[in-house]
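Engineer: Got a sequence here, can you build the structure:
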Amino acid sequence: EGNNTAAGLFGNFNGQLRNYYSIHLNGEWDPQTVNTRRTRGGPRTLNPAGQRIFTEISSDDRRSVVFAVSGGVGGFGGRFWEIGTGIEWKPATQVSLSFEPSLERNLNTSQYVTTADDPGATATFGRRYVFADLQQTTLSGSFRINWIFSPRLSLELYAQPLVSSGNYRGYKELARPKSYDFNRYGQNGSTITPVTDSKGVVQEYTVDPTGAGTSTFAVPNLDFSFASLRGNAVLRWEYVTGSTLYLVWTQDRSDFE
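Structural biologist: Numbering: from 1, shown residues only. Coordinates of the predicted model:
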């Protein structure tokens, strides 16, 4: 219907210094576009213009010890940053071990929560589209071991622990279609009241968008924590030229609260 839903300018740069250190830089700039999915089937909204930049520097990969450091920052209606590092050790020509930890923090200022019917919400066609600011922090790491016993026999080990937490704050509703404007609850006469259990933990919030007490509804408390551990081991054996046998072990554990 003539809506520009995606656009952007992207750039990449890769270089190598005389000491064989490598530099990688990439960036992106997006203009304002139209979002047809944020309200999960409701009115269109806008995507604010935004940008991001990411860079990585790594040392001479011919050495027995190679290290790298990276970082990025940006935002598209919210903001985020990430930092990472990595080290690889090659004690022998056929063995390498590496560890790559990273930390990321992201603020999404238009995280969808729920939709509530309300004939009084005439600006958004009888429904209130509820959003929140989601602040998410993620810490992860990757471990790798590669061991080449011979051209026909090799072992690869990989493990990735990850911990992430998210906090929902600043509940609000879309103010009008085809905009990125929101009416924040608790302001301009509206109210938002936490509902706790016997242990004082917030289970949900009661929202009165007008303050008149005639169109209240509940929104859930979606704060979360997530932890996972993924790993695998692959033994590759080419027992006859052109014929290979793989023995694979995998592990995937997670916990969500």
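Engineer: ok, and the closest non-adjacent residue to Asn12?
Structural biologist: Nearest residue to Asn12, sequence neighbours excluded (CB to CB, 6 or more residues apart in numbering): Asn26, at 4.6 Å. Where C-beta positions appear, they are placed from N, C-alpha and C, glycine not excepted.
Engineer: isn't the one you found right up against Asn14?
Structural biologist: No. Asn26 lies out of contact with Asn14 (CB atoms under 8 Å); the separation is 9.0 Å.
Engineer: Mind checking which of the two has more residues around it?
Structural biologist: The residue with more neighbours, out of Asn26 and Asn14, is Asn26; 15 against 10, by other CB atoms under 10 Å.
Engineer: next SSE after the helix or strand where Gly141 lies?
Structural biologist: Gly141 is located in strand 127-150, with elements delineated by DSSP states H and E. Later in the chain than strand 127-150, the nearest helix or strand by DSSP H and E is strand 153-174.
Engineer: and the angle for that next one with strand 127-150?
Structural biologist: Angle of strand 153-174 versus strand 127-150, following axes from the mean of the first three to the mean of the last three CA atoms, to 10 degrees, is 170 degrees.
Engineer: So which bits of strand 153-174 are buried?
Structural biologist: 154-155, 157-162, 164, 166, 168, 170-174 (16 or more other CB atoms under 10 Å).
Engineer: do stretch 86-103 as well
Structural biologist: Using 16+ other CB under 10 Å as the test for burial, stretch 86-103 gives Gly86, Glu88, Lys90, Ser96, Ser98, Glu100, Ser102.
Engineer: what ranges do the strands span in the stretch 1-150 of the chain?
Structural biologist: 9-16, 22-30, 33-35, 45-47, 50-58, 65-75, 79-92, 95-117, 127-150 (DSSP state E, counting those that start in this stretch).
Engineer: Within the sheet, what are the partner strands of the fifth one, with directions?
Structural biologist: In the sheet containing strand 50-58, the strands it pairs with under DSSP bridges are strand 22-30 (antiparallel), strand 65-75 (antiparallel).
Engineer: now those in TSV, with distance to Ala212 and mean pLDDT?
Structural biologist: Below are the strands paired with strand 50-58 laid out as TSV (distance: least, CB to CB, whole Å; pLDDT from 0 to 100):
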stretch	distance to Ala212	mean pLDDT
strand 22-30	40	98
strand 65-75	36	97
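Engineer: Now render these as a markdown table, adding distance to Asn4.
Structural biologist: Converted to a markdown table, these look like this (distance: least, CB to CB, whole Å):
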| stretch | distance to Asn4 |
| --- | --- |
| strand 22-30 | 11 |
| strand 65-75 | 20 |
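Engineer: Of the ones you listed, which is nearest Thr55?
Structural biologist: Across these, the minimum distance to Thr55, taken as CB to CB, is reached by strand 22-30, at 4.8 Å.
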